[in-house]
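> Below: sequence and its predicted model.
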Amino acid sequence: MPIVKYNPFAETEEFPSGLRLLQDTVNRLFADGGAARPWAPAVDIYETENELVFKADIPGVDKNAIEVRMENGTLALKGERKFLDESKNGYYRVERGYGTFSRYFTLPETVDPDKVAADYKDGVLTVTLPKKEIAKPRTIQVKVSNN
């Protein structure tokens, strides 16, 4: 027997905006786990010939509230986005995540931990991890003898 999601408002085509706001809030509460869910920024990771690069989207986070730590082969990104209620009338909806976040990434042994660099610009944190010299690809010329 298939599971069918029950929608008590399915038969009502139009209902007052206050009831619609209540329905949206209840739907979000059950769909997303509520406001108590942890917040974690999205991170893209890519590799070039000479480095491993992490890009984390953390708009609205003060650069002094960001911590980048590398320890025992693990990269840790931590920070906090604070909720500042600047509205005098209150919010109709709050969907962006607030509070502290932390992300942990296991790094390969090819990364040089002494040369890690971090840059924060336009809400994007970029962490660049150079590779060790022995891990970089190199081309070896093959000599052909005429015997």
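Received, thanks. Numbering: from 1, shown residues only.

> For the rest of this, base every contact and every neighbour count on C-alpha atoms.
Will do.

> which stretches of this structure aren't confidently modelled?
Along the chain, segments meeting pLDDT under 70 span 1, 4-21, 23-38, 86-89, 135-137, 147.

> swap the cut-off to 80 and go again
Confidence mapping of the chain against pLDDT under 80 gives the ranges 1-38, 84-95, 134-140, 146-147.

> can you give me the strands in it?
Per DSSP state E, the chain carries strands over the ranges 43-47, 51-57, 67-71, 74-81, 99-106, 117-121, 124-130.

> most neighbours per residue, which of those strands?
Neighbour counts (mean count of other CA atoms under 10 Å) averaged over each of the strands of the chain peak at strand 124-130, with a mean of 20.

> could you check the angle strand 67-71 makes with that one?
Counting by axes from the mean of the first three to the mean of the last three CA atoms, to 10 degrees, strand 124-130 lies at 20 degrees to strand 67-71.

> For strand 124-130, name the packing helices and strands.
For strand 124-130, the packing partners by 3 or more CA pairs under 8 Å, 6 or more residues apart in numbering; DSSP states H and E come out as strand 51-57, strand 117-121.
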